[in-house]
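Peer 1: Have a look at this prediction, sequence included:
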Amino acid sequence: MRVSGFDVEGRPPASPDEVLVSNDRIVSPNYFQAMGIPLLKGRYFTERDGSKAPAVVIINETTARRFWPDSDPIGRHLIFKPERPKSCEIVGVVADVKHSGLEAESGVELYRPCLQVPLLLMGLVVRTTTDPLSGAAAVRSQVWAVDKDQPVYNIKTMEQYLSESVKPRRFNVLLLSLLAGIAVLLAAVGIYGVLGYTVTQRTHEIGIRMALGGEARDVLKLVVGQGMVLTLIGVGIGLAGAFALTRVLSSLLYGVTATDPATFVGVSLLLAGVALLACCIPARRATKVDPVEALRYE
């Protein structure tokens, strides 16, 4: 990849100081098929786009929307700097690709054929139907058949490249997951402790209820209901705090918004479920209170 300045033929600058800059990718005719980049309009490069053929260029969807929002860019021309007066005809439009990272916004990207713009250093993309790493030896032998002194290094699968690109975010997710797990555990322990203490303090009251004909399920509802009320209050406070911190959280997320309804509902149900389990032990203990012993309890 290289950075180039360019002008759009027939389009006056928006301001005297406007400078149009693009990320240029010098690629072979089969690059798009190997990378699985779909063609939206026009055509891909071919072997006929050589050094003696008219200069051509393929643009991404963002470029097409920016400069030709209401018209077809195919057949229009871009003039590259400092290659004036060389003009390149747009022959295709391809989908945007997140070359700079999964979280990066797509910018102006232009593709030019390597047969017209040769580079000293280029990477090789190989699509296989078998294990990619198992074909590394075959790739090396093909390269060395052309130039035995050409080094072939840094061979990785696309999955490895993607994994490395999200490694910092994966660490953040792991750290947040660990902290979230600790928070859920502390919440469960706290609810259990509060309800256990409450059952101990209300042993006399529970004994009177059962002596007057109260059934075990009534006591169970009483204790569990008290615990779930505390849980709902805590969930409500937590949701309000999460909404207040959405701007901070959005910088740590990818592929989901900080106000994603499914996430909030799922986390709320998880906390409610953990709280319900934490309530069960004190509640079952309360149902087994002996009324006679409870009436003697001080």
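Peer 2: Nice, thanks for sending it over. Keep in mind it's a predicted model, so treat the numbers as computed, not measured. Numbering: from 1, shown residues only.

Peer 1: Check the offset of the strand or helix carrying residue 4 from the chain's centre.
Peer 2: Taking DSSP states H and E as the definition, residue 4 sits inside strand 2-8. Chain-centre distance of strand 2-8: 30 Å, with CA atoms, centre = their mean, to the nearest Å.

Peer 1: so how far is the very next helix or strand once past that strand off the chain centroid?
Peer 2: Where DSSP H and E defines the elements, the next helix or strand beyond strand 2-8 is strand 20-27. Between the centre of strand 20-27 and the centre of its host chain there is 25 Å, according to CA atoms, centre = their mean.

Peer 1: Give me the mean pLDDT for the next helix or strand after strand 20-27.
Peer 2: The helix or strand immediately downstream of strand 20-27 is helix 31-35, counting by DSSP H and E. Average pLDDT, helix 31-35: 91.

Peer 1: residues of helix 31-35 that come out buried?
Peer 2: 31, 32 (16 or more other CB atoms under 10 Å). For every residue, glycine as well, the C-beta is placed using N, CA and C.

Peer 1: Can you list the strands that whichever helix or strand comes after it pairs with?
Peer 2: Going down the chain from helix 31-35, the next helix or strand is strand 39-42, by DSSP H and E. Strand 39-42 has its sheet partners listed here by DSSP bridges as strand 87-94 (antiparallel).

Peer 1: May I have the strands that pair with the strand holding residue 4, each with its orientation?
Peer 2: Checking strand 2-8 against DSSP bridges gives partners strand 20-27 (antiparallel), strand 77-81 (antiparallel).

Peer 1: For it, which outside residues touch it?
Peer 2: 13, 19-24, 26, 67, 76, 78-82, 110, 119 (CB atoms under 8 Å, 6 or more residues apart in numbering).

Peer 1: By mean pLDDT, point me to the weakest helix or strand of this protein.
Peer 2: Scoring the helices and strands of the chain by mean pLDDT, DSSP states H and E places helix 291-296 at the bottom, with a mean of 63.

Peer 1: avg pLDDT for the strand holding residue 4?
Peer 2: Averaged across strand 2-8, the pLDDT comes to 76.

Peer 1: about what we covered before: of all the strands paired with strand 2-8, which lies closest to residue 61?
Peer 2: Smallest distance to residue 61 across the strands paired with strand 2-8 (CB to CB): 13.7 Å, for strand 20-27.

Peer 1: tell me which residues in the closest one are buried?
Peer 2: 20, 22, 23, 24, 25, 26, 27.

Peer 1: Kindly report the domain assignment for this protein.
Peer 2: Domain segmentation of the chain under automatic domain parsing yields 2-125, 166-296.

Peer 1: Would you reformat these as CSV and include distance to residue 158?
Peer 2: As requested, the domains of the chain are arranged in CSV below (distance: least, CB to CB, whole Å):
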stretch, distance to residue 158
domain 2-125, 9
domain 166-296, 13
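
Peer 1: Touching, residue 210 and residue 220? I think so.
Peer 2: No: contact status for residue 210 versus residue 220: not in contact, 11.6 Å apart, counting by CB atoms under 8 Å.

Peer 1: between those two, who's got more neighbours?
Peer 2: Per other CB atoms under 10 Å, whichever of residue 210 and residue 220 has more neighbours is residue 210, with 21 against 16.

Peer 1: Check the offset of whichever strand or helix holds the more buried one from the chain's centre.
Peer 2: According to DSSP H and E, residue 210 maps onto helix 203-211. Relative to its chain's centre, helix 203-211 lies at 55 Å (CA atoms, centre = their mean).

Peer 1: Can you name every helix or strand that that helix contacts?
Peer 2: Judged by 3 or more CB pairs under 8 Å, 6 or more residues apart in numbering; DSSP states H and E, the packing partners of helix 203-211 are helix 216-244, helix 291-296.

Peer 1: do that again at 10 Å, thanks
Peer 2: Judged by 3 or more CB pairs under 10 Å, 6 or more residues apart in numbering; DSSP states H and E, helix 203-211 is in contact with helix 216-244, helix 261-287, helix 291-296.

Peer 1: ok, and for the second one, which residues are buried?
Peer 2: By that I understand helix 261-287. 264, 267-268, 271, 274-276, 278-279, 282-283, 285-287.

Peer 1: likewise stretch 113-123?
Peer 2: 113, 114, 115, 116, 117.

Peer 1: residue contacts, the nearest residue to the last one once chain neighbours are set aside?
Peer 2: Across the structure, with CB to CB, 6 or more residues apart in numbering as the measure, the residue nearest residue 117 apart from its sequence neighbours is residue 26 (5.1 Å). Taking CB atoms under 10 Å, 6 or more residues apart in numbering as the criterion, residue 26 is in contact with 1-2, 110-119, 122.
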